[in-house]
Structure formats: structure tokens, C-alpha cells
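> below are the sequence and a predicted model for it; my questions follow.
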Amino acid sequence: RFKGPARGRPPRPTAHRSPACDRRGLRRQPLANPLRRRAKHRLLFDPEALLGLHPWLPPMPETTAGAPGAVPMLRTRALSTFASGHMDLFSRSTITEGEITHAVVTKLTCGTEAGVYRDLMEEPDLRPFIARLYDTQVVPVASGGEDKVTVSLEDVTAPCTAPCVMDIKLGTRTYLESETKQDTPRHDLLRKLLEFAPAEATDREREEGITKLRYMHLRDLNSTSASCGFRVDGIHLSQRRAMPPDAPDVPPNLRGLRTEAHVDEALRAFFEASSDGAGVRAAFLAKLVALRDAMQRSPWLARHECIATSLLLVFDGASAEAAVASVDVRWIDFTKVREVKEPLTHRAPWEPRTGSHEDGLFVGIDRLISKLEVQGPAPQD
């Protein structure tokens, strides 16, 4: 700020500036996203909240589940680390049912994902593997587009002192066939492509950009999605964990995991981050086998195309005993789930332009289970 004249210049006039103008006297532009408006309670959506990559915090403002017009009061300071996700979609809060307060993750999403969560809450086989849905709220969009929805989900890492999290993207493809019709070249996708596969971009694409279909196709081919049916999208290991002295390092560039050997290295780094790596691996194997059995029994899953869904693997790295006891697997990310007329196998190969909706979901889960079986057997009940 100017404290007085400097070098013969008068101080900047500020007394008569309109609140609607910035410091240069220019009128402030309204924000298209109402969630980013500065208000009495500012809402900041944070990416780490979905994965729970944070220590447990003191009690925060809360809301009552199901109360008319209730919107969770979200904390107003951002988190500094995350494994994967979009930066502006998530935040942590608490929500109250009767006399019980729950830690929740609030996600800004679409009506499709909110509907899938509601459906899965009614599926007895799959519900234990889904983050519990506490509340949904419609968020009108000021620009006149399709309204958004916030879903308040169970924070599965809230009991963890030192949460360790892995995000695994499932399926042999991560895009809907309807997305292949978007043929407008985009420079933002070109920049992403140049980060992990610069040799794939042609001279024309470097000038004009690339289409979403080509980007998604190259993204899958340059990862283990097409070959293994899954890829590792994110890893976060808490600095508070009881780390063994010989623990392997997490691969620095997860986008560079293009072979099964690279994936094996990432899985080993995640499991052996605990001082009881064998026990953690065996506990995850048992959970994944139970999840696959539940999915294969589900009539709901047989009639839904599940593109780009993920598995969230969580354990508490505070001690060896806590790590094994806290192992948890949740199925998340349902923005690209669509109901189909014909039942799916989730294992057959996808054939483009034929009306096929096969997603390779079970291909990825089968391969992940086989990798853990090679590394160690599941515990017996």
C-alpha cells in the first residue's frame, strides 16, 4: 500500500472505489461456479478429501443429515497433498445423525454419480464395499448449464492415524463410446499427452491439438489399463507411518507405469510401507476376493457399464497391528456408469462402433488378485 507521495507522485485514490471494483478500478467479473463465491461460509472443494490423505482434524462445523436445505459446512483451509483426483471437487466436513457425528467427504459431481450411489446403498452384496452415502444436495449452476450435485460420503480414513492410500483405476478402457464423438482438437489434452508420451504426437497435432478420443486411447495404451485391466493412479504414504528401514520407494512418476513390472514395483512399495507388509498384502487379497464374489452375484452390476471406476485401498500405517486390522477396500468414482439393456460379462473385449458396452472391469480385478496371490496367500478364517 502507498503510505504517501513517492517521487512526486500522488497517492492512489481509494476512498471512493466501489466494492464491485478491484484495486485498479475495473469491475469484478462474476464467477460462473457458485461454489467459489466469497460468502459468509466460503466453500473450497479439496482433492485430498476423497482419498482421505490428511490427519484427523479437530471438530468442524456440521450439518444434520436430511435436514431441509442443509448444506455441509466445509472447512476453509486447503490440504497440501493428494494422490489423485481433481483439485476443485472435494472437501471434508462432518454430518450428524441423531447424536452421532460422522466424518464425511463432500464431492461436487453430477446427478449420474449421485444416482449410482443411491442405487448401491440398496444392493446388499455391494454395499459393504461402497463408501456410505449420507446426504445429497442440488447445486444450481449460474451459467444456466446442468445443475451439479454434492454427495456427502463416508470418510473411510477418518479412524486412521497414519492413512496410507492407493487409487487403482479399473477397466480395459477409461472412456465411454459417446465420448468418441467429440472430435474437436484440444491443446490442453495435447499438453497432458506430451507429459507421458511425447513421441505419439504428430506434427499436425502439435499445432492444432488432439481429440479426446485419441488422448484417451493413447492414455490407456501407454499405461497398464489396456494390458492388465487396471492402472495405479495414485499413492500416498503418510509421513506418520511406522516405516520399516528397508521399505522400497514409491515410483516418482505413476504416469510412467507402462509395464507389469512397473506395477509390481508400485504395489510392493505400497504394501511394504507397513512393517508387516506380508500381513497387509494378505488382508487386501482377502478383501478383493470378497469384492469380486459380491460383484459376480450382483444383478445390478450385470446391467451396468462401469467405465473409469476405481478401487480405494486404505490402511493405517501407525503400527503393524493397526495396518492389518484397518485394511479396507472401497469401490468409487461412478460418473461414467451407464445402465444397459443386455447383460454384460465385464470380461469380453470391447468392440467399438458395434454397440458393445463391455468395460473389462473383471479383467482388472482378476489380474490384481492374481498379482497379490503370487506375492502371498490370503489369510484363512
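Thanks, I have it. Residues are numbered from 1 along each chain as shown.

> which other helices and strands contact the helix or strand harbouring C164?
Using DSSP states H and E, C164 sits in strand 163-170. When contacts are defined as 3 or more Cβ pairs under 8 Å, 6 or more residues apart in numbering; DSSP states H and E, strand 163-170 sits against strand 230-237, strand 310-316, helix 361-375. C-beta here means a position set from N, CA and C on the backbone, and glycine is covered the same way.

> closest one to A247 among the ones you listed?
Taking Cβ to Cβ, strand 230-237 is the member of the helices and strands packed on strand 163-170 nearest to A247, at 8.7 Å.

> quick check, S275 in a strand?
No: read with DSSP: H, G, I helix; E, B strand; the rest coil, S275 is coil and lies in no strand.

> looking at it, it is touching P244, isn't it?
Yes: look at S275 against P244 with Cβ atoms under 8 Å: they come within range, at 4.8 Å.

> for the record, mean pLDDT for stretch 156-166?
Regarding stretch 156-166, the rounded mean pLDDT is 94.

> out of S275 and P244, which sits in the more crowded spot?
Neighbour count, other Cβ atoms under 10 Å: between S275 and P244, S275 has more, with 18 against 14.

> how about the contacts made by the more buried one?
Applying Cβ atoms under 8 Å, 6 or more residues apart in numbering to S275 gives the contacts A242, M243, P244, S319, A320, A323.

> turn the residues you listed into JSON lines, including distance to I95.
JSON lines is the format used below for the contacts of S275 (distance: Cβ to Cβ, whole Å):
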{"residue": "A242", "distance to I95": "31"}
{"residue": "M243", "distance to I95": "33"}
{"residue": "P244", "distance to I95": "37"}
{"residue": "S319", "distance to I95": "29"}
{"residue": "A320", "distance to I95": "33"}
{"residue": "A323", "distance to I95": "28"}
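
> list just the nearest of the residues you listed to D167.
A323 (18.2 Å).

> pull out the buried residues from the lengthiest strand in the chain.
The single longest strand within the chain, with elements called by DSSP state E, is strand 100-109. Neighbour counts over strand 100-109 (16 or more other Cβ atoms under 10 Å) mark H102, A103, V104, V105, T106, K107, L108, T109 as buried.

> show me where the stretch 201-350 of the chain has strands.
230-237, 304-307, 310-316, 328-332, 336-339 (DSSP state E, counting those that start in this stretch).

> and the last one, average pLDDT?
This points to strand 336-339. Per-region confidence: strand 336-339 scores 96 on mean pLDDT.

> what residue ranges in the stretch 151-300 of the chain score low on pLDDT?
Counting by pLDDT under 70, the stretch 151-300 of the chain has low-confidence residues at 256.

> what sits against the closest residue to C110 other than its chain neighbours?
Excluding its sequence neighbours, the residue lying closest to C110 (Cβ to Cβ, 6 or more residues apart in numbering) is T335, at 5.8 Å. Contact analysis of T335 by Cβ under 8 Å, 6+ apart lists T109, C110, T112, E113, A308.

> for the residue lying closest to R231 once chain neighbours are set aside, give me phi and psi.
Excluding the flanking residues, the one nearest R231 by Cβ to Cβ, 6+ apart is S223, at 4.3 Å. With angles defined as degrees, to the nearest 10, S223 sits at phi -140, psi -170.

> check T174 too.
Reported as degrees, to the nearest 10, the phi and psi values for T174 are phi -120, psi 20.

> before we move on, back to that, possible to save the helices and strands packed on strand 163-170 as a markdown table with mean neighbour count and distance to V151?
A markdown table is the format used below for the helices and strands packed on strand 163-170 (neighbours: other Cβ atoms under 10 Å; distance: least, Cβ to Cβ, whole Å):
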| stretch | mean neighbour count | distance to V151 |
| --- | --- | --- |
| strand 230-237 | 23 | 20 |
| strand 310-316 | 24 | 15 |
| helix 361-375 | 19 | 21 |
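
> tell me which of those sits nearest to E154.
Nearest of the helices and strands packed on strand 163-170 to E154, taken as Cβ to Cβ: strand 310-316 at 11.1 Å.

> so what does the regular element (helix or strand) spanning L193 touch, helix or strand wise?
Here L193, judged by DSSP H and E, is contained in helix 187-196. Where contact means 3+ Cβ pairs under 8 Å, 6+ apart, helix 187-196 is packed against helix 212-221.

> neighbouring contacts of the helix it packs on?
Applying Cβ under 8 Å, 6+ apart, the contact partners of helix 212-221 are 172-175, 179-180, 182-183, 186, 189-190, 192-193, 196-197, 200, 205, 225-226.

> change it to 10 Å
The contact list for helix 212-221 (Cβ atoms under 10 Å, 6 or more residues apart in numbering) reads 169, 171-177, 179-186, 188-190, 192-193, 196-197, 200-202, 205, 209-211, 225-227, 231, 255, 258, 308, 352.
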